[in-house]
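Student: sharing a sequence plus its predicted fold:
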Amino acid sequence: MRRRAKLQGSNVSGILSNHDYNSMSAFTSIDDQETYYKLQAKASDILKRVTMNFYVRNDFESDHPQRKEAYIKALAAQIEYFYETGSTTSEGLNSAPQTQQIGRTTLSQASKFSPSGGGEKKSVICEDVYLYLSGTGLLGRGIG
């Protein structure tokens, strides 16, 4: 009989402090620690889902350095995405109207799929997360 791994906690929740994040020059600095740690908690939850709870079942500290670095960069990218978009939920990301009309003037948010912006939904997961994690074995696509 196989035992199921406990998925209650994660051994990666404290891997990226606010100071460490701000010292990564490739990402937007977040000075307010309360804001940072709120975003970091949500970003960690997102990465747990994307990686199919890999670091819930496996020890982060003893993992391969390149995979750990990729995971940290993916976490930083997700934190920055939440910070720059100003939202951590699908509803928040997609609640802004795509077209506004004032009198005879119409303003449309263009999208990468359509000049009118119609029909596009922003994902709660930053596309850069997939770029950082590709080739690490953490995406586990098609397995489950």
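Tutor: It's in.
Student: could you measure from the residue minimising distance to the centre of the chain over to Ser62?
Tutor: The residue lying closest to the centre of the chain (C-alpha atoms, centre = their mean) is Gln78, at 2.8 Å. To Ser62, Gln78 is 23 Å away according to C-beta to C-beta, to the nearest Å. In this view, the C-beta of every residue, glycine as well, is placed from N, C-alpha and C.
Student: and if you look at Ser87?
Tutor: Counting by C-beta to C-beta, the gap from Ser87 to Ser62 is 35 Å.
Student: just Lys68 next, same as before
Tutor: From Lys68 across to Ser62, the span is 10 Å (C-beta to C-beta).
Student: and the helix or strand Leu39 falls within, how far out from the chain middle?
Tutor: Assigned by DSSP states H and E, Leu39 belongs to helix 33-50. Relative to the chain's own centre, helix 33-50 is displaced by 8 Å; criterion: C-alpha atoms, centre = their mean, to the nearest Å.
Student: chain center to the helix or strand just after that helix: distance?
Tutor: Sequence-wise, the next helix or strand downstream of helix 33-50 (DSSP H and E) is helix 54-57. Here helix 54-57 is found 17 Å from its chain centre; the criterion is C-alpha atoms, centre = their mean.
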